[in-house]
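Undergrad: let's see this in three dimensions:
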Amino acid sequence: MALRKLRRLARDGRADTLDLDNTIRSTARRAGLLDIHMKSERRNAMKVLLLLDVGGSMDPHADISSVLFSAARSEFSRLDVFYFHNYPYEALWRENARRQAESLSTLELIRTLGRDHRLVIVGDATMSPFEISVPGGSVEHFNEEAGAVWLERLLQAFPHAVWLNPEPAAWWQRTPSIRLTHELMRGRMHALTVKGIGDAIETLKKPVSSHSRLSRNPT
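TA: Purely as a prediction, here's the structure:
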């Protein structure tokens with residue numbers, strides 16, 4: 001079901017591939033007059049940046065996150081995947097098992113990838129609010145800048161963005177860190193469910209709103 005939902009985004013591209021079957025059928029109906037039909041490629045040029053929260057309170061959601069990852073990997077021609085714990089800070093990991101050896105500066109990622117990437121963040125956003133709002137609030141290292149600062153930089157760099165949350169939506173307003181993240185995402189948080197993925201796809205397809213038309217300068 002996740003794969004079917006993602007295809008609504010992946011196949012929403014230009015009709016730039018010859019649809020041979022429909023061309024033949026339509027030409028035959030028109031008594032030999034050539035009637036060319038085009039279609040979008042199954043795997044088009046849509047670019048997706050997927051950030052996955054791992055460890056801690058996300059462990060119970062590892063299976064569903066893996067399903068989403070596998071569906072996205074099979075569908076998009078350009079998929080960049082990085083990992084983080086609790087909140088994206090100054091560095092992200094290419095492989096969770098090799099955090100130190102495979103990390104990449106978040107600023108370098110912003111400079112490398114273009115605004116045409118769709119940003120999908122998957123995480124439960126369940127933590128101490130200090131990890132979001134206070135420098136040094138991370139439980140794993142000393143972060144010189146608050147998590148909210150880094151999330152805002154990501155949203156400026158990739159204005160087409162959503163956050164998928166595996167926690168029940170009924171809990172969001174009762175959990176301070178989820179409520180804060182929901183506000184920072186300007187409401188673009190969706191449940192990690194079949195319906196939620198569909199809603200997220202529709203959000204990613206919408207034109208960028210005025211609040212996202214900001215400078216790409218990550219400082």
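Undergrad: okay, now the unreliable bits of this structure?
TA: 1-19, 23, 27, 31-32, 37-45, 74, 77, 96-101, 209-219 (pLDDT under 70).
Undergrad: could you pick out the longest helix of it?
TA: helix 62-75 (DSSP state H).
Undergrad: could you identify the helix or strand that succeeds that helix?
TA: Following helix 62-75 in sequence order, the next helix or strand is strand 78-84 (DSSP states H and E).
Undergrad: distance from the chain centre to that following strand, please.
TA: Mean-position distance between strand 78-84 and its chain equals 9 Å (C-alpha atoms, centre = their mean, to the nearest Å).
Undergrad: now stretch 144-160
TA: For stretch 144-160, the distance to the chain centre is 14 Å (C-alpha atoms, centre = their mean).
Undergrad: all strands for the chain, in order.
TA: 17-18, 38-39, 47-53, 78-84, 91-93, 103-105, 117-122, 161-165, 189-191 (DSSP state E).
Undergrad: how near is residue 56 to residue 124?
TA: From residue 56 over to residue 124 the distance is 9 Å, taken as C-beta to C-beta, to the nearest Å. (Each C-beta comes from the backbone N, C-alpha and C, glycine too.)
Undergrad: how far away is the residue nearest the centre of the chain from residue 84?
TA: The centroid of the chain falls nearest to residue 120 when counting by C-alpha atoms, centre = their mean (1.0 Å). Distance from residue 120 to residue 84, counting by C-beta to C-beta: 13 Å.
Undergrad: now do the shared contacts for those two.
TA: Common neighbours of residue 120 and residue 84 (criterion: C-beta atoms under 8 Å, 6 or more residues apart in numbering): residue 51.
Undergrad: same list (the strands of the chain) but as a markdown table, adding distance to residue 150.
TA: Formatted as a markdown table, those follow (distance: least, C-beta to C-beta, whole Å):
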| stretch | distance to residue 150 |
| --- | --- |
| strand 17-18 | 39 |
| strand 38-39 | 40 |
| strand 47-53 | 11 |
| strand 78-84 | 9 |
| strand 91-93 | 10 |
| strand 103-105 | 11 |
| strand 117-122 | 11 |
| strand 161-165 | 13 |
| strand 189-191 | 17 |
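Undergrad: and of those, who's closest to residue 143?
TA: strand 91-93 (9.6 Å; C-beta to C-beta).
Undergrad: which residues are contacting the closest one?
TA: 51, 82, 83, 84, 99, 102, 103, 104, 105, 106, 109.
Undergrad: I'd like to know which of the residues you listed are buried.
TA: 51, 82, 83, 84, 99, 103, 106, 109 (16 or more other C-beta atoms under 10 Å).
Undergrad: what is the nearest of those to residue 65?
TA: Of these, the one sitting nearest to residue 65 (C-beta to C-beta) turns out to be residue 83, at 10.2 Å.
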